[in-house]
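Student: 3D, please:
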Amino acid sequence: MIDSAVILAAGRGTRIWPYGETKPKAALPVGNVPIMTRQMRCLKSVGVKMFTIVTGHLEQQVKSIALREGADVTFVHQPDLSGPAQGLMLALERCDADPIYVVYGDVVATVESYKALRDCWRKDCDAAVLVHKLEGEDPAEWFCASVADGQLQSVSAHSRGEHSHRLCGIAVLSEKAAGYVERHPGISTKLDVGAMPAMEADLSQTFQDMVDGGEKVAAVETRDFFVDVDKPWHLLEANGRMAEYFNRRLKKDEISDGAKISEDADIQGPIRVGPNSEIGKRVVIQGHVSIGANTTITNGAMLGRHIIIGDSCKIRDYCQLGTYSVVGNNCVIGHCAEFTGVLMNKVYLYHYCELSGVIGTATDIGAATVCGTLRFDDGRTIHNVKGRKEMPRIGSNETYIGEYCRTGVNAIIMPGVKMGPYSILGPGTIAYHDVPARTLVLAKQEQVTKEWGPEKYGW
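Tutor: Just a heads-up that it's a prediction; the model follows:
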């Protein structure tokens with residue numbers, strides 16, 4: 001039995017802008033549940049009773065989330081955010097368990113993956129790491145792994161070469177492995193010639209050092225889906241995959257006490273409805289949809305498949321929600337609004353707006369706000385991530401709006417544009433480029449005024 005775990009949740013999350021400014025990545029919602037909450041619940045399901053959580057950036061949010069789970073939790077502050085290995089060293093000073101789970105605070109895996117890692121652990125292993133098939137992803141974005149016969153052979157950081165797997169940031173370490181963590185050089189050394197490593201202590205280097213030292217490191221493939229939430233489009237992907245994973249288990253309707261469903265609603269598949277929620281007349285639901293408590297879906301609202309909707313939402317008046325969407329708590333989606341993607345808590349979408357992407361907490365979207373998702377060249381938008389140009393496979397043309405934003409009537413957001421937190425896009429404004437945080441953008445209008453009257457018509 002492995003009863004202890006370390007969760008590394010200190011990072012700044014600079015690559016997931018605009019969300020990392022106001023939330024640590026461990027607090028970002030996936031299926032309306034913070035990432036770290038999901039991790040703790042998965043770990044508890046495989047026998048973990050004691051947690052050591054390494055905090056840093058926006059640490060009070062991390063502490064608040066962890067304490068709500070009612071577990072035995074110890075917090076360790078990492079003042080120098082030079083990499084997860086340093087955070088783990090600080091944690092191991094407070095926790096001497098052998099073996100121990102180690103989990104990066106920004107990864108989303110299914111409980112089946114945690115169980116597979118637990119079941120693979122053997123006394124003759126010095127460590128076991130979870131690995132995920134790349135499946136067409138660019139190896140240059142990840143710490144990749146070479147695997148043979150269930151054993152880790154080597155690790156390569158952001159490689160230009162061909163690789164089948166990548167590391168997932170979830171592992172089991174023995175006391176011997178902890179000794180290798182302490183000897184971490186503070187930089188990745190397994191690199192392609194010409195590569196330029198950051199001065200960051202990632203645990204992938206520890207696993208490479210162990211392999212080089214002749215230690216046994218088991219490699220366990222993920223079960224079902226896995227997402228490393230590193231950039232904004234990964235948040236979109238993780239939520240969509242979680243919505244499908246959660247809802248496909250619905251084999252029949254699950255209707256809670258106090259829920260009401262109109263006989264005039266057109267429901268084409270199994271649904272899950274929370275207490276005191278209502279589905280009204282002319283509503284169309286394609287099925288495999290989960291609805292929280294005290295939510296009303298009324299007057300012709302149209303919902304696709306594999307959707308999660310939170311508590312106390314109002315979805316009404318012929319609005320449309322696309323497949324694989326996740327709607328947070330206390331959201332309002334009004335008259336003829338169309339949305340596909342992720343709404344965090346307390347987002348309001350008003351008349352005739354059309355949006356696709358991720359919209360942050362307490363954001364107010366004005367009437368007829370539209371985001372473009374189809375470019376004239378039918379291509380994907382190139383994003384700038386800390387100076388590096390990237391073209392995501394998923395979500396490249398979606399809109400990414402940070403927390404606590406507003407848009408005015410008839411605002412237009414072009415494909416792939418991101419909007420920083422605490423910002424406003426004024427009425428009639430067209431956003432061609434990313435909007436920085438704490439920015440007000442207004443359109444400057446030039447007007448021409450002339451005399452006019454009946455004499456212009458021959459009177």
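Student: how about the helices in this protein?
Tutor: Assigned by DSSP state H, the helices in the chain fall at 35-45, 59-67, 84-92, 111-120, 175-182, 203-212, 232-247.
Student: Please produce a markdown table containing these, extended by distance to A293, mean neighbour count and mean pLDDT.
Tutor: For every residue, glycine as well, the C-beta is placed using N, CA and C. Formatted as a markdown table, the helices of the chain follow (distance: least, C-beta to C-beta, whole Å; neighbours: other C-beta atoms under 10 Å; pLDDT from 0 to 100):
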| stretch | distance to A293 | mean neighbour count | mean pLDDT |
| --- | --- | --- | --- |
| helix 35-45 | 18 | 21 | 98 |
| helix 59-67 | 20 | 17 | 97 |
| helix 84-92 | 37 | 24 | 92 |
| helix 111-120 | 24 | 18 | 95 |
| helix 175-182 | 44 | 19 | 90 |
| helix 203-212 | 40 | 23 | 92 |
| helix 232-247 | 16 | 23 | 97 |
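Student: For I309, which of those helices is the nearest?
Tutor: Nearest to I309 among those is helix 232-247 (10.0 Å), distances taken as C-beta to C-beta.
Student: Can you tell me what sits against that closest one?
Tutor: 16-19, 28-31, 108, 110, 224-225, 227-229, 272, 288-290, 305-308, 324-326, 341-342, 357-358, 392, 394-396, 398, 400, 418 (C-beta atoms under 8 Å, 6 or more residues apart in numbering).
Student: Let me know the average pLDDT across stretch 394-413.
Tutor: Taken as a whole, stretch 394-413 has a mean pLDDT of 97.
Student: May I have it as PDB, with CA atoms only?
Tutor: C-alpha atoms of stretch 394-413 as PDB (Å, rounded to 0.1, in the frame of the first residue of the first chain):
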ATOM      1  CA  ILE A 394      -6.900  21.500 -31.100                       C
ATOM      2  CA  GLY A 395      -8.400  24.900 -30.400                       C
ATOM      3  CA  SER A 396      -6.000  27.100 -32.500                       C
ATOM      4  CA  ASN A 397      -8.900  29.300 -33.800                       C
ATOM      5  CA  GLU A 398     -10.900  29.500 -30.600                       C
ATOM      6  CA  THR A 399     -11.200  32.600 -28.300                       C
ATOM      7  CA  TYR A 400      -9.500  32.600 -24.900                       C
ATOM      8  CA  ILE A 401     -10.900  35.300 -22.500                       C
ATOM      9  CA  GLY A 402      -9.400  35.700 -19.100                       C
ATOM     10  CA  GLU A 403     -11.200  36.200 -15.800                       C
ATOM     11  CA  TYR A 404     -13.200  39.300 -14.900                       C
ATOM     12  CA  CYS A 405     -13.600  40.700 -18.400                       C
ATOM     13  CA  ARG A 406     -16.400  42.400 -20.300                       C
ATOM     14  CA  THR A 407     -17.300  42.900 -24.000                       C
ATOM     15  CA  GLY A 408     -19.600  45.600 -25.400                       C
ATOM     16  CA  VAL A 409     -22.400  45.200 -27.900                       C
ATOM     17  CA  ASN A 410     -21.200  44.000 -31.400                       C
ATOM     18  CA  ALA A 411     -17.600  43.400 -30.300                       C
ATOM     19  CA  ILE A 412     -15.800  41.000 -32.700                       C
ATOM     20  CA  ILE A 413     -12.900  38.700 -31.700                       C
END
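Student: Okay, buried residues for that stretch please.
Tutor: Using 16 or more other C-beta atoms under 10 Å as the test for burial, stretch 394-413 gives 395-408, 410-413.
Student: ok, I382 - how many residues close by?
Tutor: Here the count is done by other C-beta atoms under 10 Å, and I382 has 11 residues near it.
Student: Check H335 too.
Tutor: Count around H335 with other C-beta under 10 Å applied: 16.
Student: Give me the contacts around stretch 382-401.
Tutor: 14-15, 18-19, 136-137, 141, 231-233, 236-237, 341, 355-360, 363, 371-375, 380-381, 413, 415-419, 434.
Student: Restricted to buried residues, select those residues in ChimeraX.
Tutor: Buried members of the contacts of stretch 382-401 can be picked out in ChimeraX with the line below, counting by 16+ other C-beta under 10 Å:
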select :15,18,19,141,231,232,233,236,237,341,355,356,357,358,359,360,363,371,372,373,380,381,413,415,416,417,418,419,434
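Student: just to revisit the earlier point, just the ones of the buried residues of stretch 394-413 in strands?
Tutor: Of the buried residues of stretch 394-413, the ones assigned to strands by DSSP state E are T399, Y400, I401, R406, T407, I412, I413.
Student: Now L58: closest residue in space, sequence neighbours ignored.
Tutor: Residue nearest to L58 in three dimensions, not counting chain neighbours: P24, with 4.6 Å by C-beta to C-beta, 6 or more residues apart in numbering.
Student: sorry, back to before: just the ones in strands among the buried residues of stretch 394-413 now: which is nearest E200?
Tutor: Looking across these and measuring by C-beta to C-beta, the closest to E200 is Y400, at 24.9 Å.
Student: Y19 versus the closest one, what's the distance?
Tutor: Distance of Y400 to Y19, given as C-beta to C-beta, to the nearest Å: 8 Å.
Student: same check, this time on C336
Tutor: From C336 over to Y19 (counting by C-beta to C-beta), the distance is 28 Å.
Student: can you check H433 too?
Tutor: 18 Å.
Student: does P275 really touch S256, like I thought?
Tutor: Yes - using C-beta atoms under 8 Å, P275 is in contact with S256, at 4.4 Å.
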